[in-house]
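Chemist: Prediction below, plus the sequence it came from.
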Amino acid sequence: QVQLVESGGGLVQTGGSLRLSCAASGGTFSTYHVGWFRQASGKEREFVVVMARSDVSTLHADSVKGRFTISRDNAKNTVYLQMNNLKPEDTAVYYCAATKPVLTTTPGRWGYWGQGTQVTVSS
């Protein structure tokens with residue numbers, strides 16, 4: 001069973017960049033699909049970007065295409081989210097997630113979650 005811990009959140013101005021990290025432990029990291037989701041205050045958790053365990057397939061939400069990039073380093077058991085050209089509407093708690101059976105964009109079908117890291121984009 002994998003445990004996930006996010007880091008790298010913070011306060012940034014519109015147009016700025018942040019890189020989130022998610023360190024995994026307790027499982028064979030390379031066998032998991034990984035993803036990033038976010039939840040803004042008063043809203044449901046939503047899909048941001050996911051990556052297959054093969055590293056071949058990634059899926060991005062339309063709202064972040066061209067701005068956010070997911071990557072993984074299996075040797076370090078870490079997944080990253082590079083966020084560029086941030087906008088106020090990107091403000092949310094960002095969660096790292098992992099799953100095994102099927103790569104999906106539905107949050108409820110992911111079995112393992114980190115505790116979340118706050119990202120705030122000021123206008």
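Modeler: Yes, it's here.
Chemist: ok, now which ones touch the residue nearest to residue 111 when sequence neighbours are not counted?
Modeler: Using Cβ to Cβ, 6 or more residues apart in numbering and skipping the chain neighbours, the partner closest in space to residue 111 is residue 99 (5.3 Å). Placement of C-beta: from N, CA and C, glycine included. By Cβ atoms under 8 Å, 6 or more residues apart in numbering, the contact list for residue 99 reads 32-33, 35, 109-112.
Chemist: ok, 7 Å please
Modeler: 32-33, 109-112 (Cβ atoms under 7 Å, 6 or more residues apart in numbering).
Chemist: what do you get for residue 9?
Modeler: The contact partners of residue 9, taken as Cβ under 7 Å, 6+ apart, are 20, 94, 117-119.
Chemist: Find the pair from those with maximum spatial separation.
Modeler: 20 and 118 (10.6 Å; Cβ to Cβ).
Chemist: could you measure residue 71 against residue 11, distance?
Modeler: Here residue 71 is placed at a distance of 23 Å from residue 11 (Cβ to Cβ, to the nearest Å).
Chemist: I misspoke; the intended subject was residue 31.
Modeler: Distance from residue 31 to residue 11, by Cβ to Cβ: 35 Å.
Chemist: Likewise for residue 78?
Modeler: In terms of Cβ to Cβ, residue 78 sits 23 Å off from residue 11.
Chemist: Repeat that for residue 59.
Modeler: In terms of Cβ to Cβ, residue 59 sits 28 Å off from residue 11.
Chemist: who's more crowded, the two?
Modeler: More crowded of residue 59 and residue 11, by other Cβ atoms under 10 Å: residue 59, with 15 against 12.
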